[in-house]
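**Q** dropping the sequence and predicted coords here.
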Amino acid sequence: MHGGEGRHEPEDLFLRWQLAPSAVHRTWRRGRATAVLADRRRGRSLVAVGDPGEAAALVAEVLDEAAPEVVTLVRGTVEVLAERAPETAARLVGGDDWDWFWTDAAPPQHLAGEDDVVALDVGTGRAPGPDAARVRDLLAAANPRSSVRPGDPHARLWAGVRRGDDVVACIASTSDDGGPAPHLAAVATHPGLRGRGLGAAVTAAVTRRLLAEHPVVTLGMYADNDVARRLYGRLGWRCSHRFSSRRVRPLPPVA
């Protein structure tokens with residue numbers, strides 16, 4: 001195991017495309033596992049990829065030194081920690097399981113409904129645009145767990161489908177953790193209009209647009225969303241990482 005500055009281009013797809021190199025503080029390796037300490041939008045994070053068993057040993061060894069607010073660990077690492085390092089596992093609380101996807105190829109066929117996808121004007125947090133309230137209402141009804149909402153400074157593009165005065169489908173392109181690839185988030189379709197291809201249309205249209213300017217586009221989804229998993233698979237997206245993210249409970253102060 002060794003530490004480093006993490007300024008090289010990593011081989012791992014998530015580390016390469018999701019994280020901003022300037023935000024990486026340290027890198028550790030153990031066998032087939034790599035851990036990276038980086039500033040991410042949800043706070044200072046320790047990200048561990050590779051073999052879950054070796055990742056668990058690495059996290060147990062460096063957690064105190066790294067002192068992250070959040071850990072994002074390859075799926076299975078939390079369970080190994082619970083078995084082999086229960087004191088470390090007990091400090092990891094809350095959070096979600098989620099999957100990370102990437103693509104470097106636009107959908108091969110132009111989908112019905114793509115021509116209806118338009119840019120949305122949500123404005124900024126201080127100066128909301130005319131579509132901000134409509135998108136908030138849609139997300140509240142269709143995707144209340146969305147990590148991105150109108151006014152988020154990381155969102156560089158909002159697109160969607162209108163029906164009259166309403167926005168019935170939407171998607172956002174964000175800079176997320178500042179990495180070199182745009183990241184899709186806030187995918188939502190009005191519950192009353194699901195099954196009509198609107199989610200596929202907005203995802204395909206924005207993916208096509210972004211790949212005209214970038215070599216790779218990424219996205220994340222909650223692990224229990226099987227409908228979204230099937231949609232992204234049909235559009236050619238590839239899931240390369242299955243993660244568990246947890247908050248880190250700090251050690252109590254020494255008396």
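**A** Nice, I can see it.
**Q** residue 93 touches residue 247, doesn't it?
**A** Yes - counting by Cβ atoms under 8 Å, a contact exists between residue 93 and residue 247, whose distance comes to 5.3 Å. All C-beta atoms are positioned from the backbone trio N, CA, C, and that covers glycine.
**Q** for these two, indicate the residue with more neighbours.
**A** Legend: neighbour count by other Cβ atoms under 10 Å for residue 93 and residue 247, higher for residue 247 (16 against 10).
**Q** excluding chain neighbours, what is closest to the more buried one?
**A** residue 94 (4.9 Å; Cβ to Cβ, 6 or more residues apart in numbering).
**Q** kindly report the same for residue 80.
**A** residue 56 (3.8 Å).
**Q** what's the one you found sitting at in phi/psi?
**A** Per-residue torsions, residue 56: phi -60, psi -40 (degrees, to the nearest 10).
**Q** buried residues, stretch 12-20. List them.
**A** 12, 13, 14, 15, 16, 17, 18, 19 (16 or more other Cβ atoms under 10 Å).
**Q** ok, back up a step: quick check: which element contains the residue nearest to residue 247?
**A** For residue 94, the host element (DSSP states H and E) is strand 92-103.
**Q** and what of residue 206?
**A** Using DSSP H and E, residue 206 falls in helix 198-211.
**Q** next, the angle strand 92-103 makes with that helix.
**A** On the basis of axes from the mean of the first three to the mean of the last three Cα atoms, to 10 degrees, helix 198-211 is oriented at 70 degrees to strand 92-103.
**Q** counting contacts, what elements does helix 198-211 pack onto?
**A** Helix 198-211 is packed against strand 155-163, strand 166-174, strand 183-189, strand 217-222, helix 226-234, with contacts defined by 3 or more Cβ pairs under 8 Å, 6 or more residues apart in numbering; DSSP states H and E.
**Q** what pairs with the spatially closest residue to residue 57 that is not a sequence neighbour across the strands?
**A** Setting aside the residues directly before and after it, residue 57 is nearest to residue 30 in space (Cβ to Cβ, 6+ apart), at 6.1 Å. For residue 30, the beta-bridge partners are residue 33 (DSSP bridges).
**Q** how far away is residue 30 from residue 73?
**A** Using Cβ to Cβ, to the nearest Å, one gets 13 Å for the distance from residue 30 to residue 73.
**Q** who touches both of the two?
**A** residue 55 (Cβ atoms under 8 Å, 6 or more residues apart in numbering).
**Q** circling back: what mean pLDDT does the helix holding residue 206 have?
**A** The pLDDT scores in helix 198-211 average 97.
**Q** okay, the angle between it and strand 166-174?
**A** Using the same axes, to 10 degrees: helix 198-211 against strand 166-174 is 40 degrees.
**Q** and helix 198-211, which residues are buried?
**A** Neighbour-count burial for helix 198-211 flags 198-211 (criterion: 16+ other Cβ under 10 Å).
**Q** still on that earlier bit, higher neighbour count, residue 30 and residue 73?
**A** residue 73 (26 against 21).
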